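S.K.: structure, please.
(2 chains)
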Amino acid sequence: MNYSKEHIRYLKRLRGKKAGITAGRIAVVVVFFGLWEALTALGALDSFITSSPSRMAVKLAELFSTGNLLYHMGITLAETVLSFLLATGMGMLIAVLLWWFETARKILEPHLVILNALPKIALGPVIIIWVGAGTASIIVMALLISLIITIINTLQGFLSVDEGKLRLFKTMKAGKLQTLTKLVLPASIPNLIAILKVNVGLCWVGTIMGEYLVSKAGLGYLIIYGGTVFDLDIVMTATVVLCVLAAIMYYLVLAAEKLIRRKFKFDA
Amino acid sequence: MEELITLDKVCLTYHTKESETPVLSDISFTVGKGELMGLVGPSGCGKTTILSLISGIIKPTTGSVFTAGQPPEKCDISGYMLQKDELLPWRTNMGNILLGAEIKKLDKQKIREKAMRLLEKYDLAGVEKHYPSQLSGGMRQRVALIRTLVLAPQIILLDEPFSALDFQTRLQVVGDVYNMLREEGMTAVFVTHDINEAISMCDRVAVLSSKPCRIKKIVSVEALNALPPSKRRLKSEFLELYDEILTTMQSDTE
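M.R.: Residues are numbered from 1 along each chain as shown, chains lettered A, B, ... in the order given. The predicted model follows:
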């Protein structure tokens, strides 16, 4: 391609700016951990209370070598992914049903809003008694936290489909199922992706909260255990691992979004 | 001329919690086969409601509507062209054109062949694999008309189909659509609030009052019938008709 000099300069500047931003992002992490390490090394922070990156590294290696870390990571990851899939699947299914049956929707709408406003953690004891102190309780907790908001947001998207396009379908004498599959669902794809993004975060919250309540394994358990025996190295290490896992999952959803948007021609 | 659309003493009332609003009051007119009938009137007077009645989406409170001698909900012979093209961005242009065929479960292959012929005929050959976002406003509106035409309707209902276009594109598309309707021998009812557009496209123009909507007068555009829209605008009769319609619209009494 033959660009003019100005355009080449423009592209260079653009690339320079982008590189600067990436470098800045990395710098924030480096400075954060560097300061943490330096302040504990100098004694300004008590590493017994705050732990420190070097102690976390040692703990990480220790947990890793005993196979403990992978085990706990696996448990939490499995719980999160399962509740994410359940919440998203069930939420969308229920939203479709509520879209289909208007009267049912109108009856249930205020109840959904109230359920959504309820702090779900308050149901913790009830869940333990009903479902048992095990993995099932953790999944139910995560579901409670993400399901209602999934239903509400999905339904909102379904109901805000363009009036003109609905009219087009009406003039073509389309049935309800056709309107759903050929218009409402495809038109809701950008909204559904946004919901996926929110759900990833909520399911992590739900799972960890569930693990705080009942678990005998998982990163949440590790954090609670570390806190109880006052081993801040475990607490901080588990927290950082959690951050990394959540970030990876978020980026996977982001990659899926790009793919879907390209396939369905929704401009990002 | 064979009558394809008949409205006989049609009244329609909308009910809401607050009140009941008479929308249409004693509307009677007929449209012959191959005729282009215009409906002009102030915004919100119930023009679109008349189209909904003809297409069978709604039924009149009293009076009767017939298309090809039958109640419209029993015979699916009308196609709609809306204000915006309403092309679905996630479908290719061909996918959009085939939407009606999919919904009505018609033979897709046959419709596809017909669509290709129409695309070719109206200078859109090659766009079938593209997406609507890659087309200009005028091209999109032509694709939308082809989406209506491939279903082989006997009647086309146009609901202000040009109002979303800019002025220059609009003149162009008015001409294009006029040609397409004439060449396919379509019967059409064309709703607009633009008197110019009504005179340049239609054979007859019904002037409607504001709510409740009555027909104040039906004006014949016979003198210009033989001409395409771009030529009609240059005739002195055009201005006379414009004045006649405008005066009728502005008059408060019958």
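S.K.: which parts of the stretch 51-200 of chain B are helices?
M.R.: B:93-97, B:99-103, B:108-121, B:137-149, B:167-183, B:195-201 (DSSP state H, counting those that start in this stretch).
S.K.: for the ones you listed, which one sits closest to chain A?
M.R.: helix B:99-103 (4.6 Å; Cβ to the nearest Cβ). C-beta: built from backbone N, CA, C; applies to glycine.
S.K.: quick one: contacts for the residue in the stretch 51-200 of chain A positioned nearest to chain B?
M.R.: Going by Cβ to the nearest Cβ, chain B is nearest to A:Thr171 of the stretch 51-200 of chain A, at 3.6 Å. Shown in contact with A:Thr171 (Cβ atoms under 8 Å, 6 or more residues apart in numbering or on different chains): B:55, B:57, B:79-80, B:82, B:157.
S.K.: run through the residues you listed and flag the ones next to chain A.
M.R.: B:55, B:57, B:79-80, B:82, B:157 (Cβ under 8 Å from any Cβ of the partner chain).
S.K.: quick check: which ranges of the stretch 1-150 of chain A have low pLDDT?
M.R.: Counting by pLDDT under 70, the stretch 1-150 of chain A contains low-confidence ranges at A:1.
S.K.: how about the residues of it by chain B?
M.R.: Close to chain B, as judged by Cβ under 8 Å from any Cβ, the stretch 1-150 of chain A has no residues.
S.K.: hey, where'd the strands end up in the stretch 1-150 of chain A?
M.R.: With DSSP state E, counting those that start in this stretch, there are no strands along the stretch 1-150 of chain A.
S.K.: contacts only, for A:Gln156.
M.R.: Listed by Cβ under 8 Å, 6+ apart, the contact set of A:Gln156 reads A:Asn191.
S.K.: next SSE downstream of the helix or strand that contains it?
M.R.: Assessed by DSSP states H and E, A:Gln156 sits inside helix A:135-159. Sequence-wise, the next helix or strand downstream of helix A:135-159 (DSSP H and E) is helix A:163-171.
S.K.: find the centremost residue of chain B, please.
M.R.: In chain B, the C-alpha closest to the average C-alpha coordinate belongs to B:Leu158, at a distance of 1.7 Å (Cα atoms, centre = their mean).
S.K.: specify the beta-bridge partners of that one.
M.R.: B:Met81, B:Phe190 (DSSP bridges).
S.K.: wouldn't it be in contact with B:Thr187 here?
M.R.: No - if you go by Cβ atoms under 8 Å, B:Leu158 and B:Thr187 don't touch, sitting 11.4 Å apart.
S.K.: before we move on, what SS does B:Leu7 have?
M.R.: strand (DSSP: H, G, I helix; E, B strand; the rest coil).
S.K.: can you pull the pLDDT of it?
M.R.: On the pLDDT scale, B:Leu7 is placed at 85.
S.K.: show me what it is bridged to.
M.R.: Here B:Leu7, judged by DSSP bridges, has bridge partners B:Phe29, B:Val65.
S.K.: list the contacts of it.
M.R.: So, once contact is read as Cβ under 8 Å, 6+ apart, B:Leu7 ends up touching B:27-30, B:50, B:53-54, B:63-65.
S.K.: narrow these to those that are buried.
M.R.: For the contacts of B:Leu7, a burial check counting by 16 or more other Cβ atoms under 10 Å in any protein chain shown picks out B:27, B:29, B:50, B:53-54, B:63, B:65.
S.K.: follow-up on the earlier one: adding neighbour count and distance to A:Thr239, write the contacts of A:Thr171 out as a markdown table.
M.R.: Converted to a markdown table, the contacts of A:Thr171 look like this (neighbours: other Cβ atoms under 10 Å in any protein chain shown; distance: Cβ to Cβ, whole Å):
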| residue | neighbour count | distance to A:Thr239 |
| --- | --- | --- |
| B:Ser55 | 26 | 62 |
| B:Ile57 | 17 | 59 |
| B:Gly79 | 24 | 62 |
| B:Tyr80 | 27 | 59 |
| B:Leu82 | 21 | 55 |
| B:Leu157 | 25 | 63 |
